[in-house]
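# Need coordinates for the below:
(one chain, ligands or ions: 1)
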Amino acid sequence: MALAGVRVIELAGLAPAPFCGMILADFGAKVIRVDRTKASMSLDTQGRGKRSVAINLKNPEGITVLKKLCIQSDVILEPYRKGVMEKLGLGPQQLLKENPGLIYARLTGYGQTGCYATAAGHDINYLALSGLLSRLGRSEEKPYAPLNLVADFAGGGLTCALGIVLALLERTKSGKGQIIDASMVEGAAYTGSFVWKSQSIGLWDRPRGQNMLDSGAPFYDTYQTSDGKYVAVGAIEPQFYSQLLHGLELDSSQLPPQMSFTDWPELRLIFTQRFASKTQAEWSKIFDCTDACVTPVLSFEEVSSHPHNKERGSFVKDSSGKESPRPAPVLSRTPAEPCLLANPEIGEHTVEVLEEYGFTSAEIDQMLTAGVVESHAIKAKL
Ligand SMILES: C[C@H](CCC[C@@H](C)[C@H]1CC[C@H]2[C@@H]3[C@H](O)C[C@@H]4C[C@H](O)CC[C@]4(C)[C@H]3C[C@H](O)[C@]12C)C(=O)SCCNC(=O)CCNC(=O)[C@H](O)C(C)(C)COP(=O)(O)OP(=O)(O)OC[C@H]1O[C@@H](n2cnc3c(N)ncnc32)[C@H](O)[C@@H]1OP(=O)(O)O
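Sure, this is the predicted structure:
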């Protein structure tokens with residue numbers, strides 16, 4: 001796999017850093033998640049392919065253990081509020097001094113500088129500060145955050161993973177590590193570059209929810225079908241739009257022009273009535289594999305059995321039968337091979353990892369007894 005041989009220490013976080021760690025693990029990195037001791041359960045639902053060690057970082061010996069792990073690793077990924085790592089004596093200056101090749105990734109909401117840097121926040125706050133939230137939502141409604149996908153995952157975990165891979169690539173030339181300041185506000189804003197840069201061509205001139213791609217246009221929206229399901233319509237270009245009208249059995253000469261903003265409400269009403277006249281499956285029969293850009297809105301239960309996704313194997317089942325998306329993109333020679341075992345329990349690999357990083361059995365026993373580290377019995381994995 002592409003990242004085989006890369007050793008990553010991921011400090012357990014809420015959602016974006018676990019995603020970043022999972023991406024690295026999916027593509028072959030050895031990811032060790034550092035959990036807290038005395039924690040009842042892991043909140044990391046994206047623990048695929050990781051191992052877990054439980055270390056008490058409030059104990060000076062715990063700090064020494066983590067330092068030793070970082071000195072022998074390629075990447076540390078930390079998701080804490082600005083200043084937390086420095087307070088622990090685990091800041092980038094300290095760790096890079098001992099391991100100059102270390103890539104020190106800091107994934108935060110507001111970044112390491114600026115007057116919000118130490119404030120708590122979540123996806124919706126970062127999205128708000130990026131400017132993007134002001135553009136999201138339907139006409140005459142308040143701004144609407146699309147789950148926590150944009151800041152936490154696209155602008156956060158994924159962007160941070162890109163930063164890590166870039167730093168690894170650069171290190172092959174310079175031999176040097178570096179610090180990555182991954183701010184979810186900036187990652188989200190960067191993900192929204194198209195919105196910024198296409199303002200000049202009039203794509204976003206109208207208020208929120210009244211533009212072509214923000215649910216303003218009737219040819220770029222979802223519609224309910226007669227069975228209560230939905231279809232998605234994305235027929236922008238005239239040649240695709242005419243296929244949409246053909247499938248809906250509508251005569252373009254009887255309709256207002258596609259790009260007439262003022263007529264969009266009327267056109268939307270016509271489309272709404274048409275789509276409500278057949279079931280989702282009936283519309284799929286009409287539109288599947290055409291260029292009308294009409295697709296069924298699938299539920300999580302339906303996606304893996306959809307013929308297209310099935311043919312590509314886009315979803316994988318883990319050992320307990322749970323489905324999830326397979327890693328993307330697909331690399332031809334060194335594709336990701338997601339681990340199909342259950343996520344690691346907190347401290348499941350403490351002893352194994354410490355041995356691998358050069359701790360003796362006596363040292364490990366002493367730390368277990370003193371509560372510096374914790375180990376949990378290895379469960380049988382199918
Ligand atoms: C919208 C998303 C978030 C969605 C996440 C949800 C899925 C979950 C959020 C809450 C969960 C529920 C809750 O926990 C209650 C239940 C618990 C139960 O077990 C399960 C069910 C629950 C209902 C549970 C269910 C779900 O899991 C939840 C609903 C996001 O936007 S995520 C993005 C968040 N932002 C960031 O990541 C940006 C960077 N980070 C931060 O800004 C801060 O970390 C943050 C997130 C604001 C949290 O601040 P906090 O004050 O809590 O921490 P920090 O200041 O960062 O300091 C960390 C301290 O921890 C110490 N520490 C770290 N590791 C160790 C260790 N191994 N040993 C000892 N101590 C450790 C560290 O030293 C710091 O200590 P100090 O405070 O003393 O310096």
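# Going by C-alpha atoms from here, please, whenever you check contacts or count neighbours.
Noted.
# What's the per-residue pLDDT of the residue lying closest to Cys160 once chain neighbours are set aside here?
Spatial nearest neighbour of Cys160, chain neighbours left out: Ala182 (5.8 Å); criterion: Cα to Cα, 6 or more residues apart in numbering. In this model, Ala182 is scored at 98, pLDDT.
# again with the one 10 residues further on
Predicted confidence (pLDDT) for Gly192: 97.
# residue contacts, it?
Residues near Gly192 by Cα atoms under 8 Å, 6 or more residues apart in numbering: Leu132.
# Up against the ligand, what does the chain have?
14-15, 35-36, 43, 55-58, 79-81, 84, 108-109, 120-123, 148, 152 (Cα under 6 Å from any ligand atom).
# Out of these, which sit inside helices?
Mapping the residues of the chain next to the ligand onto helices (DSSP state H) picks out Val84, Asp123.
# Can you tell me the closest non-neighbouring residue to the residue most central in space within the chain?
The C-alpha lying nearest the average C-alpha coordinate of the chain belongs to Phe153 (Cα atoms, centre = their mean; 3.1 Å). Counting by Cα to Cα, 6+ apart, Pro16 is the residue found nearest to Phe153 once chain neighbours are left out, at 5.5 Å.
# ok, now Met41?
Nearest to Met41 is Ile346, by Cα to Cα, 6+ apart, at 6.8 Å.
# Next one: that neighbour, what pLDDT does it get?
You'll see Ile346 listed with a pLDDT of 96.
# ok, so what distance separates it from the ligand?
Per Cα to the nearest ligand atom, to the nearest Å, Ile346 is found 11 Å from the ligand.
# about what we covered before: who are the contact partners of the residue nearest to Phe153?
Going by Cα under 8 Å, 6+ apart, Pro16 touches Leu107, Asp152, Phe153, Gly156, Gly157.
# Which two among these are spaced furthest apart?
For the contacts of Pro16, with distances taken as Cα to Cα, the pair at the greatest spread is Leu107 and Phe153 (11.1 Å).
# hmm, back to that, show the contacting residues for the residue nearest to the centre of the chain.
Applying Cα under 8 Å, 6+ apart to Phe153 gives the contacts Ala15, Pro16, Phe19, Thr159.
# I'd guess the last one is in a helix, am I close?
I take that to be Thr159. Yes. Judged by DSSP: H, G, I helix; E, B strand; the rest coil, Thr159 forms part of a helix.
# contacting residues for it?
Listed by Cα under 8 Å, 6+ apart, the contact set of Thr159 reads Phe153, Ala182, Gly187.
# So which residues of the stretch 251-382 of the chain form helices?
Assigned by DSSP state H, counting those that start in this stretch, the helices in the stretch 251-382 of the chain fall at 264-275, 280-287, 300-303, 307-312, 350-356, 361-370.
# avg pLDDT for the fifth one?
Yep, that's helix 350-356 we're talking about. Per-residue scores along helix 350-356 average to 97.
# Give the buried residues for it.
Residues of helix 350-356 classed as buried by neighbour count (16 or more other Cα atoms under 10 Å): Thr350, Val351, Val353, Leu354.
# Please apply the same query to the shortest one.
Judged by neighbour count (16+ other Cα under 10 Å), helix 300-303 contains these buried residues: Val303.
# And for the last one?
In terms of neighbour count (16+ other Cα under 10 Å), helix 361-370 has its buried residues at Ile364, Met367, Leu368.
# is it true that Ile180 lies in a strand?
Yes. Ile180: assigned to a strand according to three-state DSSP.
# show me the contacts for it.
Residues near Ile180 by Cα under 8 Å, 6+ apart: Ile103, Tyr104, Ala105, Arg106, Cys160, Gly163, Ile164.
# Would you format the contacts of Pro16 as JSON lines with pLDDT included?
What follows is the contacts of Pro16, written out as JSON lines (pLDDT from 0 to 100):
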{"residue": "Leu107", "pLDDT": "98"}
{"residue": "Asp152", "pLDDT": "98"}
{"residue": "Phe153", "pLDDT": "98"}
{"residue": "Gly156", "pLDDT": "98"}
{"residue": "Gly157", "pLDDT": "98"}
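# wait, which of these is closest to Ile236?
Of all the contacts of Pro16, Phe153 has the smallest distance to Ile236: 27.5 Å, by Cα to Cα.
# circling back to that earlier point, test of understanding: give the bridge partners of the residue nearest to Cys160.
Leu107 (DSSP bridges).
# so it makes contact with Tyr104?
No. With contact defined as Cα atoms under 8 Å, Ala182 does not count as touching Tyr104 (10.5 Å).
# Could you pull up the residues touching the nearest residue to Leu149 once chain neighbours are set aside?
Distances taken as Cα to Cα, 6+ apart place Asp123 nearest to Leu149, at 8.0 Å, with adjacent residues excluded. Asp123 makes contact with Gly109, Asn148, Leu149, Val150, Ala151, Asp152, Met184, according to Cα under 8 Å, 6+ apart.
# circling back to that earlier point, the residue nearest to the centre of the chain and Ser252, how far apart?
Distance of Phe153 to Ser252, given as Cα to Cα, to the nearest Å: 41 Å.
# can you check Lys142 too?
The gap separating Lys142 from Ser252 is 34 Å, by Cα to Cα.
# For the nearest residue to Val330 once chain neighbours are set aside, list the residues it contacts.
In space, and not counting its chain neighbours, Val330 is closest to Ala336: 7.2 Å by Cα to Cα, 6+ apart. Ala336 makes contact with Met1, Ala2, Asp26, Phe27, Gly28, Pro327, Val330 under the criterion Cα under 8 Å, 6+ apart.
# mind checking the end-to-end distance for stretch 212-232?
Distance between the two ends of stretch 212-232: 14 Å, counting by Cα to Cα.
# can you check stretch 330-340 too?
End-to-end for stretch 330-340, by Cα to Cα: 17 Å.
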